[in-house]
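# Sequence below, structure please.
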Amino acid sequence: MINITVLAQSSFTLKGKVVSQEDNLPVPGVNILIKNSTKGTSTDFDGIYTLEVTSGDVLEFSFLGFVTKSITITDQRELNVSLSPDTSALDEVVVVGYGTQRKSTITGSISKVVNEDLDQIAVARVDDALIGQVSGVNIQASSAEAGAAPTITVRGFGSITADSGPAVVVDGVIVDPSFLGNLDMNDVESFEVLKDAASAAIYGSEGSNGVIMITTKTGKAGKTKFRYDTFVGYKDAFGSDDYKKDVVDWAAKELAATGQITEATQYALKIVDVTGINRDWQDVFFDGGIITSHSLSASGGTQDTKFTASLRYLSDEGVVITDDYKLYSAKLKLDSKLGDKVKFGLSATPSYSKRRALPTSIHNPIRQSPWLPIYHSEETLQFINRDAYPNVGVGDYFYENHLVELDLDGNGSDNRPRTSGDANPYAQYVEREHYEFNTKLLGSAYLSFEIMDGLIAKTSLGATLEQRKRTRWDGTEHHASGASRAQYLLNNRFSSRLISDNTLSYNTQIDDHEISALAGMTFQKRKYETSQIVGTGYTNDLLKNLQGATTVVSEGEYNIEKNKIGYFGRITYAYANKYLFNASFRRDGSSVFGVDSKWGNFPAVSAGWNAHNESFLSENDVLSKLKFRISYGLTGAENFNVGDDLVNAWPYLAQLDNTNAITNGGISAGVSPKNIANLLLQWEASEELNPGVDFGFLNGKISGSLDYYIRTSDQLLLNNPVSYVTGFNNGIVNLGKVENSGWEFELRTRNVSNEKFSWNTTLIASTNKNELLDYGESDGALTEDGFGRNSQWINSVGNPISSFYGYVVDKELANEYWDSPWLPINGTSEDVIVKDLNGDGLITDGDKTILGDPYPEIIWSLSNDFKYGDFDFSFMIQGSQGAEVRNVGDQYFFSQWNGATTDEQAVVDAGIISDASFLQPRVQTNDIVMSAGYFSLRNVNIGYNFPDDAVSKLGLGSLRLYATGQNLLYITSDDYHGFNPEFIDSNNSPQSYGAQRAGTPLFSTISVGLNVNF
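Below you'll find the predicted structure:
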């Protein structure tokens, strides 16, 4: 009992504050551990800590960027600690390919984003939070569907048929970019973006379009800490005033222009009068939605074994009716020391998602007539054509085809209003259920062994597994044709990627000479197993699966395997932290190519000069950093943008496909060639030169970088037209050369920094010029849009890869010269009068010209972060200028095909034009080419950290409440008609990039969130 009493008397609560010796500011997050135990704590936002200790305990105070301090406890009850900066630790560590490197010795173009506030942006995906954070990276919110991925490009488009997106590496393991949708931002420690070829070449073909490297959080020694993060928000879609329709307004416009109202408009007014319906369909379909996220994590461990674990649930209702997305994910990460020489680690990130996708493009229902009811009522039955639809009753869907043609004024006319009679707009969505179920797993493990001081052998194995199931149910009432259009599709795909990386690294320092070397090899195996089956012949909606079908059609099944092997090495040298050199080499072999061209070689070299470390600058009070660097490297590409199609899995081989042939008067099963063999097919090759400078002034209060890059991509993989005598119209070849060049600028300032108030600003800007340098015999090739609307793109040397092509509008055609100028509502003429650019008096293909391109000239962002006491506030404005889109949606929304010119000669006879050829379809002109520039208030955040004394009474470590908004302000150009200038329709090929049919709407989000540390 005496011993117990003595022990109880020597245990007491120690309180204190940790500050920086340099500026006396509090240091939050300092790790405080009782030596030789697992007990510990960390400082809060104000640098305050409390800990149960015993006299004689040794406390270790450690934090990145500061010298670790050890203090022995006597009997004091308060201990305030001042930490001195660690000059070596302050040299930030940057993750590079297959390792890390001190930032001061980096010679390539690498941007790092530390997750300090990104997890407080209420978005469903981690890549959405990166918008505007890194120069040279363009992240477009290309789809508003819940859970949909943005389009990411690094330094422009350097390829046509190969994938143009960057590689994604999570904790050293290459993953498919789609995996970004399964990560929780609360688990992310930092992002590194390898932009230039010298930085990315170590990844060979994977790095041809840059690399996004993601490092997840690692546990810290001490008792287990729990954290809960949540937010809930409302998403509201941006509509388009240009696409609004109103019967009454249209009738007034018609009356003012013509002095009378056509029978079709009278009919529409009568329906409005009877039903009271005069709606904007955007109000029906853009219903907004709730987004909710819950994340619970735990971390801790000992000095030898550290862990983190987390669970997440995300629900996103999207902003369009029927849209819905659910995500369940988890993460476990473990790092352990097995003795002094061996380290072991593993990580697992499983996830499951369920998404109800939009069943058709939003342009289809939104363009319908504003007077159209969703369901029939007693009042609407009077308008039904009973001869054709005798069984339609109250509560049935209202289709335009139900309308009887009425002679309202007794003059024998039987016109009626209509837009498209093939569907009820509401039924198009609610009577179709398109689901996608995704189960994914990213798993990795590594083992490293220190052979001798500085020499480490490491082996790792990573696996990405995905099981995707898609179901597409089109119900019996989704179309005016009824049950004959009902269909069920089932698609299953299993994909896997196994990667084994094995490296040997050596780091040493001899006097002023710092040397690092890396050698390694990697093996990669990818598999795809896909099957699809379709059921038809449904008579009702009771069985929405294959059992309800009377006819089952198998669409086929195929299996694909792709293998790759790579050898790589890198040498890094620094002398006195002044003169820097880096060289790397990678050799990749891929099963995609033939025997004589399987291998691609990717060398890179870079150099730098830390001029601020020279004696003549080291004492400069203004200049704190000045680094000049230059890099040159080669990368390549081999994976095709068309996914897991069989032809593109082995494009060099002539493949066979099932077919039928007529033999002896009958039909026999057989096979036929599917493509043209090309045994000479080889890697795409990209070379890049990147000079740059990093600078800092006033002890880092002003810092930034300026880069210029020029990247030339050669031997592009593309489908080239061939003679029809081959039996094909195209074949995959190496042809063409593309150049991307531009400037990148980053500026960061610490405007104010004291104990009560701080203000930081970041300015980021990037330019890009895309130019096709060579296209062989395909120079001037024309590609039409993927919607069947005949608008054209041109691939022309001296211009961007894809340029809009067509006629230039001279003037509009007067109403009296085109059919049905007032039917339907908001209709415009199909034809316009175009310019004779070559002056020959006629309009021919020679009068077509380049009308613009879809590539932005500059993207930029400006961020400001403020902290005052326990409050914090930040905002980012972001924009893009120079890009354009070809909005084919105008032809649908303005019903231009109803405004054809049937009597072209009358226009000629009136002296308006000299020849009928001057009348050309509007969809082939610059009238539908619009600026895609925008200005947005991307993010606004305001938060409050509850004081430590109030939080401690609740038994919590810290508590933060915040509110955030995205796209609270979004301004587009005056000539843009659509819902989202960033939207790019996936129905089009890379040769016709930049097409829209209005697109899914961009949206704003207002959320409130909570961060709790237990």
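
# what's the pLDDT at the most centrally placed residue in the chain?
Central residue of the chain (CA atoms, centre = their mean): residue 150, 2.1 Å from the mean position. Looking at residue 150, its pLDDT reads 87.

# my guess is it meets residue 126, correct?
No - Residue 150 sits out of contact with residue 126 when judged by CB atoms under 8 Å, with a separation of 10.6 Å. In this view, the C-beta of every residue, glycine as well, is placed from N, C-alpha and C.

# follow-up on the earlier one: what sits closest to the residue nearest to the centre of the chain if chain neighbours are left out?
With CB to CB, 6 or more residues apart in numbering as the criterion, residue 150 has its nearest non-adjacent residue at 5.0 Å, and that residue is residue 139.

# The one you found: what secondary structure?
strand (DSSP: H, G, I helix; E, B strand; the rest coil).

# which residues touch it?
127, 128, 130, 131, 132, 150, 151, 152 (CB atoms under 8 Å, 6 or more residues apart in numbering).

# mind putting those in a markdown table, distance to residue 174 and secondary structure included?
Below are the contacts of residue 139 laid out as a markdown table (distance: CB to CB, whole Å; DSSP: H, G, I helix; E, B strand; the rest coil):
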| residue | distance to residue 174 | secondary structure |
| --- | --- | --- |
| 127 | 16 | coil |
| 128 | 21 | helix |
| 130 | 18 | helix |
| 131 | 23 | coil |
| 132 | 26 | coil |
| 150 | 20 | coil |
| 151 | 20 | strand |
| 152 | 15 | strand |
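
# excluding its backbone neighbours, what's nearest residue 317?
residue 289 (2.9 Å).

# cool, and residue 49?
residue 43 (4.7 Å).

# From residue 32, how far off is that neighbour?
Note on residue 43: its distance to residue 32, by CB to CB, to the nearest Å, is 7 Å.

# if I look at those two, which residues touch both of them?
With CB under 8 Å, 6+ apart, residue 43 and residue 32 have common neighbours 18, 49.

# before we move on, the earlier item: can you get me a residue count around the residue nearest to residue 317?
Residues lying near residue 289 (other CB atoms under 10 Å) number 23.

# Next, the contact list for the nearest residue to residue 323 once chain neighbours are set aside, please.
For residue 323, ignoring the flanking residues on the chain, the nearest one in space by CB to CB, 6+ apart is residue 146 at 5.1 Å. Contacts here follow CB under 8 Å, 6+ apart; on that basis residue 146 touches 124, 289, 316, 317, 318, 323, 324, 325, 355.

# again with residue 462
Per CB under 8 Å, 6+ apart, neighbours of residue 462: 172, 173, 174, 175, 442, 443, 444, 497, 498, 499, 500, 501.

# Looking at those residues, which is nearest residue 719?
Nearest to residue 719 among the contacts of residue 462: residue 497, at 25.9 Å, using CB to CB.

# Is it correct that that closest one falls within a strand?
Yes - assessed by three-state DSSP, residue 497 belongs to a strand.

# A helix includes residue 427, no?
Yes - Residue 427: assigned to a helix according to three-state DSSP.

# circling back to that earlier point, and of the contacts of residue 462, the nearest to residue 511?
Taking CB to CB as the measure, residue 511 lies nearest residue 172 of these, at 31.8 Å.

# Which helix or strand contains the residue nearest to the closest one when sequence neighbours are not counted?
The shortest distance from residue 172 to any non-neighbouring residue, by CB to CB, 6+ apart, is to residue 460 (6.4 Å). Here residue 460, judged by DSSP states H and E, is contained in strand 455-474.

# That strand pairs with which strands?
Sheet pairing for strand 455-474, assigned by DSSP bridges, gives strand 432-452 (antiparallel), strand 487-510 (antiparallel).

# List the buried residues of the following helix or strand past the longest one.
It stands for strand 487-510. Using DSSP H and E, the helix or strand that follows strand 487-510 in sequence is strand 513-536. Neighbour counts over strand 513-536 (16 or more other CB atoms under 10 Å) mark 514, 516-520, 522, 524-530, 532-536 as buried.

# and strand 513-536, C-alpha only, in CSV?
In CSV, the C-alpha atoms belonging to strand 513-536 read as follows (Å, rounded to 0.1, in the frame of the first residue of the first chain):
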residue,chain,number,x,y,z
HIS,A,513,29.3,15.3,-52.4
GLU,A,514,25.8,13.9,-52.1
ILE,A,515,25.1,10.8,-54.2
SER,A,516,22.0,8.8,-54.7
ALA,A,517,21.6,5.8,-57.0
LEU,A,518,18.6,3.6,-57.9
ALA,A,519,18.3,0.5,-60.0
GLY,A,520,15.2,-1.6,-60.4
MET,A,521,12.9,-3.7,-62.4
THR,A,522,9.1,-3.9,-62.6
PHE,A,523,6.6,-6.6,-63.8
GLN,A,524,3.0,-5.8,-64.7
LYS,A,525,0.1,-8.0,-65.7
ARG,A,526,-3.3,-6.7,-66.6
LYS,A,527,-6.4,-8.8,-67.3
TYR,A,528,-9.9,-7.9,-68.6
GLU,A,529,-12.8,-10.4,-68.7
THR,A,530,-15.9,-8.9,-70.2
SER,A,531,-19.3,-10.4,-71.0
GLN,A,532,-22.6,-8.9,-72.2
ILE,A,533,-26.1,-10.2,-72.8
VAL,A,534,-29.3,-8.5,-73.8
GLY,A,535,-32.9,-9.4,-73.3
THR,A,536,-35.9,-8.1,-75.4
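
# same for it, what does it pack against?
Contacts defined by 3 or more CB pairs under 8 Å, 6 or more residues apart in numbering; DSSP states H and E place strand 513-536 against strand 99-102, strand 487-510, strand 551-575.

# Next, format those strands as CSV and append mean pLDDT, distance to residue 894 and mean neighbour count.
CSV is the format used below for the helices and strands packed on strand 513-536 (pLDDT from 0 to 100; distance: least, CB to CB, whole Å; neighbours: other CB atoms under 10 Å):
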stretch, mean pLDDT, distance to residue 894, mean neighbour count
strand 99-102, 89, 56, 17
strand 487-510, 95, 31, 17
strand 551-575, 90, 36, 16
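
# right, and those strands - which one's nearest residue 632?
Per CB to CB, nearest to residue 632 of those: strand 551-575, 14.8 Å.

# quick one: the closest one to chain centroid distance?
21 Å (CA atoms, centre = their mean, to the nearest Å).

# what lines up beside whatever helix or strand comes next after that strand in the sheet?
Per DSSP H and E, the first helix or strand lying C-terminal to strand 551-575 is strand 579-590. Strand 579-590 sits in its sheet next to strand 551-575 (antiparallel), strand 599-610 (antiparallel), going by DSSP bridges.

# okay, those in a markdown table with distance to residue 430 next?
Below are these laid out as a markdown table (distance: least, CB to CB, whole Å):
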| stretch | distance to residue 430 |
| --- | --- |
| strand 551-575 | 25 |
| strand 599-610 | 50 |
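
# between those, which one is nearest to residue 26?
strand 599-610 (31.4 Å).

# Return the set of buried residues in the closest one.
600, 602, 603, 604, 605, 606, 607, 608, 609, 610.

# So the fifth one versus residue 136, what's the distance?
With distances taken as CB to CB, residue 605 is found 20 Å from residue 136.

# Residue 329 - how many residues pack around it?
If you count neighbours by other CB under 10 Å, residue 329 ends up with 21.

# what kind of secondary structure is it in?
Assignment for residue 329 (three-state DSSP): strand.

# on that earlier part again, which residues sit in contact with the residue nearest to residue 317?
Per CB under 8 Å, 6+ apart, neighbours of residue 289: 146, 234, 235, 316, 317, 318, 319, 323, 324.

# what do you get for residue 733?
Taking CB under 8 Å, 6+ apart as the test, what residue 733 contacts is 678, 681, 717, 718, 720.
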